[in-house]
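Visitor: Output the structure for:
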Amino acid sequence: MATAGRIACMVFCCAMVLFLLAASASGETITARDKLGRELRIQVPVKRAVFFQTYELVPALDLWDQAVGIARFAYDNDLMKAAKPDIARTIPSAGGGTDINMEALMKLKPELVVTWTARPENITYMEQKGLKVYSIYPESIEELYEVIRFHGTVFNRKKRAQEVLAEMEKSFAMVRTRVAGIPVEKKRKVLWLGSRPTSVACAIGVNNDVINLIGGVNPAAVYQQRNVDVSMEQIIAWNPDVIFIWGNAKYSADDVMNNPQWRFVKAVRERRVFKAPEWSTWSPRLAPAVLWMAARTYPERFRDVNIGETADHFYRKVFGVPFSKVKGFAS
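Guide: Numbering: from 1, shown residues only. Predicted coordinates for the structure are as follows:
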């Protein structure tokens, strides 16, 4: 991560720690600083919230009573539908974080709106309408943890948030233990592809954190950015051992493996290209996804682990739904 990125992350996390320490009692006004560096005073516990992002924390932290609105994308979210089949009839939408239906949003009378930083002008517009808006954009696993702790505090679910984090850490610890001790020269090069096959995840972001956690080496980390577009020649020069594709990309693993331009890449020759599930990396679901990625990267170290059973245990503990009710992993 670039020096500026590390400093921003440290400032964000320190601000969150101070905020959490200040919010020890309910029924008080706390001060929090969001990803855009804006300082908010929030009355806790929040009883009416709209989730343009982090709506997967609604089932994880049992925030159904506080969720008066969600992003329209949540209606098609497999986890949300599994946890609450009638979600579209019970929780209204106010559009999405990038295309807000302001009239619908105002009718919901939220005490807090949670969104992401993609459109700062939308945040400004909501604030001008008198709404309190908290923006997120986790750029590391630790920042994701802080976002979960933030929700636990402002919605009076601190104990539950800690339980969710403990389940995530349990899964991450299993991965760390099994990939520990791999010599540097034996570590596999792992590339994460984005919306286009030549868009790669770089040194800043959750995806790079994940690659490091699973014992991989991200060759694109030479770029101190979130994502960059690179040439096919560069990917061939990197010659990654394993490739993962963003779950929402409009192309498949077969599209990459059957493309003659990719035939010189080791991951393609050995058919080790995998498409990730259509899950948000800004959710507790990151934990089972990391285990799945680790098992695809170092299968010899995870032969005795039943990924499906492990994911099922996690889903039941964290979300209260069986893994069979949601979209699974690619084979």
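Visitor: Give me the phi and psi angles of residue 52.
Guide: Main-chain torsions, residue 52, degrees, to the nearest 10: phi -80, psi -20.
Visitor: contacting residues around residue 76?
Guide: Applying Cβ atoms under 8 Å, 6 or more residues apart in numbering to residue 76 gives no contacts. Just so you know, the C-beta spots here come from the backbone N, C-alpha and C atoms, and that holds for glycine as well.
Visitor: measure it to residue 221 for me?
Guide: 33 Å (Cβ to Cβ, to the nearest Å).
Visitor: element containing residue 43?
Guide: Using DSSP states H and E, residue 43 sits in strand 39-44.
Visitor: what's the answer for residue 163, then?
Guide: Short version: residue 163 belongs to helix 158-179, going by DSSP H and E.
Visitor: Please, where are all the strands along the chain?
Guide: Per DSSP state E, the chain carries strands over the ranges 28-33, 39-44, 49-51, 67-70, 112-116, 133-136, 190-193, 199-201, 227-229, 242-245, 273-275.
Visitor: TSV please, covering these and showing mean neighbour count, mean pLDDT and distance to residue 99.
Guide: Putting the strands of the chain into TSV (neighbours: other Cβ atoms under 10 Å; pLDDT from 0 to 100; distance: least, Cβ to Cβ, whole Å) gives the following:
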stretch	mean neighbour count	mean pLDDT	distance to residue 99
strand 28-33	15	93	26
strand 39-44	15	96	23
strand 49-51	27	98	14
strand 67-70	22	97	14
strand 112-116	23	97	11
strand 133-136	23	97	15
strand 190-193	26	98	26
strand 199-201	23	98	23
strand 227-229	16	97	22
strand 242-245	25	98	26
strand 273-275	21	97	27
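Visitor: I'd like those written out as a markdown table, with distance to residue 94 added.
Guide: Converted to a markdown table, the strands of the chain look like this (distance: least, Cβ to Cβ, whole Å):
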| stretch | distance to residue 94 |
| --- | --- |
| strand 28-33 | 22 |
| strand 39-44 | 19 |
| strand 49-51 | 6 |
| strand 67-70 | 5 |
| strand 112-116 | 9 |
| strand 133-136 | 12 |
| strand 190-193 | 31 |
| strand 199-201 | 30 |
| strand 227-229 | 28 |
| strand 242-245 | 31 |
| strand 273-275 | 31 |
